[in-house]
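1. pasting the sequence and the predicted model now:
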Amino acid sequence: MPLCTSEKIAELRKTKGMSQQTLADVLFVSRSLVAMWEAGARVPDSVSVERMAELFGVLPEDIMNDSRYAYVSRLENDLIDSEFEDFTDSGSAPCDTERAERIIESFLRKIGKRDKDLFMSRYFSMKTCKAIADEFGMSLSSVKVKLSKIRKKLKRFIETEESK
C-alpha cells in the first residue's frame, strides 16, 4: 500500500536528513505547518508540493496522491494579480525570473516572521484574505491593511535593488 501524503513528506524529509525547521525554511512556511502536513492535519498547497518534489527529486504525484490542493477562484486569482502589480510596476524594465526570485527571497529574509507568513499565505499559497484572517486570528480588514503595507515595503525594496 502506498504511503499517504503525510507519511511520504516525513519519509522524504528524513531521507534528505532535513529537520522540519529546515524544510520549513526552504519552503518559506512555518515549522508547525510542516508538522501539520506530516501529521495529516493540513494538506500542502500545490506550490509547496511542487517545490518539495523538486527538492526531493520526485514527482509531485509521489508526494500528493490526491487532488486536495488549495484552490483559488478566477476572481481571487485576478485580485492577487492586481495586488502583485502594486509592487511589480516600478516603471523600469522587468527583470528576469531568477533575479525576481532572488530579490523576493532577500526581501522575505529581511522582514519579520509574521509578515513573511502573511505574504507567503497570500502570494505563494494563494489563500484568500478571509482564509488568512481565520488562520492568523486577525480581522479581514487587518489582513488587507497588513498585506498592503508589506506590498509597499516590497515595492521600495525592489526599487532599491533595481537601482544597484
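-> Sure thing, it's come through.

2. M36 sits in which helix or strand?
-> Using DSSP states H and E, M36 maps to helix 31-39.

3. moving C-terminal of that helix, what's the next helix or strand?
-> Following helix 31-39 toward the C-terminus (DSSP H and E): helix 46-56.

4. after that next one comes which helix or strand?
-> helix 60-63.

5. in that next one, what counts as buried?
-> Going by neighbour count (16 or more other CB atoms under 10 Å), the buried part of helix 60-63 is 60, 62-63. For glycine as for every other residue, the C-beta is placed from the backbone atoms N, C-alpha and C.

6. stretch 42-51 now?
-> Those would be 43-51, for stretch 42-51 by 16+ other CB under 10 Å.

7. also stretch 55-68?
-> Of the residues in stretch 55-68, those buried (16+ other CB under 10 Å) are 56, 60, 62-64.

8. okay, now the domains of the chain?
-> 5-63, 74-162 (automatic domain parsing).

9. how long is the shortest one end to end?
-> Start and end residues of domain 5-63 are separated by 6 Å (CA to CA, to the nearest Å).

10. if we can go back for a sec, which of the domains of the chain has the lowest mean pLDDT?
-> Of all the domains of the chain, mean pLDDT reaches its minimum on domain 74-162 (a mean of 82).

11. ok so, going back, deepest-packed of the domains of the chain, please.
-> domain 5-63 (a mean of 17; mean count of other CB atoms under 10 Å).

12. now that one, how far from the chain's geometric center?
-> 13 Å (CA atoms, centre = their mean, to the nearest Å).

13. ditto for stretch 106-125
-> 8 Å.

14. ends of that stretch, what's the gap?
-> 19 Å.

15. which residues of this structure fall in strands?
-> Assigned by DSSP state E, the chain shows no strands.

16. about what we covered before: which of the buried residues of helix 60-63 lies closest to K116?
-> I63 (23.1 Å; CB to CB).

17. against S48, how distant is that closest one?
-> 9 Å (CB to CB, to the nearest Å).

18. D45 against S125, yeah?
-> Yes: the criterion here is CB atoms under 8 Å, and D45 meets it with S125 at 4.5 Å.
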